[in-house]
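J.: sequence plus predicted model, see below.
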Amino acid sequence: MKKLFLLSFAVLLAAGAFAQTTSATTPATPSTTPTEKAQMKDLRKDVRAYDNKKAEAKQAIKKGDLTAAKTDIAAAKVDKQDIKADAKTLKSEGVAHPIKLADKQVKKIDEKDVKADIKDIKADKVAEKAAVKAGNTTAAATDKADIKADKKELKKDIKEARRDGIKHPVRRAK
């Protein structure tokens, strides 16, 4: 009986000791150096350039201009080599999956641009309605021109987002 009591007491003390120790945790967000940030920015630019050259090549093929398509494809290959070189250096610095990360960042930036354009259009529409209600025709005309410019910018950003792989940029922006 005495041995059983001592054994259970030792087990309880051991369990208490294990419960108090903290486990080694890794930092939730890895710290990035300024060189890594600059290299990721360069990688994002290369990814965008690659997507643009591929899209231009597709459009040239649709038009039937094969020489322009070949030059665009060659430029896309050069961009792809730049992407691979940047990814290799980033991997050596400890960044996991740099190409996937750059793609996600590019898509996130595109979505943010589309959201900002939609927000600007809504604000301009509200301002136009307020100007019409107040009877200020010059302000209403400038707001209408702003809406037109914002819609043009939105179309440009939607086109860019689609090139970068976002299927429904306006739906995702809402």
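T.: Cool, the structure landed. Numbers count the residues shown, from 1 in each chain.
J.: what about residue 17, neighbour count?
T.: 9 (other Cβ atoms under 10 Å). C-beta here means a position set from N, CA and C on the backbone, and glycine is covered the same way.
J.: so residue 162 makes contact with residue 169?
T.: Yes - in this structure, residue 162 is within contact of residue 169 by Cβ atoms under 8 Å, at 6.6 Å.
J.: higher neighbour count, the two?
T.: Shown here are residue 162 and residue 169; by other Cβ under 10 Å, residue 169 has more neighbours (23 against 15).
J.: need the pLDDT of residue 114.
T.: For residue 114, the pLDDT comes out at 93.
J.: ok, residue 29 next?
T.: Reported pLDDT for residue 29: 52.
J.: ok, now the one 5 residues further on?
T.: You'll see residue 34 listed with a pLDDT of 84.
J.: distance check, it against residue 92.
T.: Remark: distance between residue 34 and residue 92 (Cβ to Cβ, to the nearest Å) = 17 Å.
J.: before we move on, what about residue 167?
T.: Taking Cβ to Cβ, one finds residue 167 at 34 Å from residue 92.
J.: now do residue 153
T.: Residue 153 is 39 Å from residue 92, by Cβ to Cβ.
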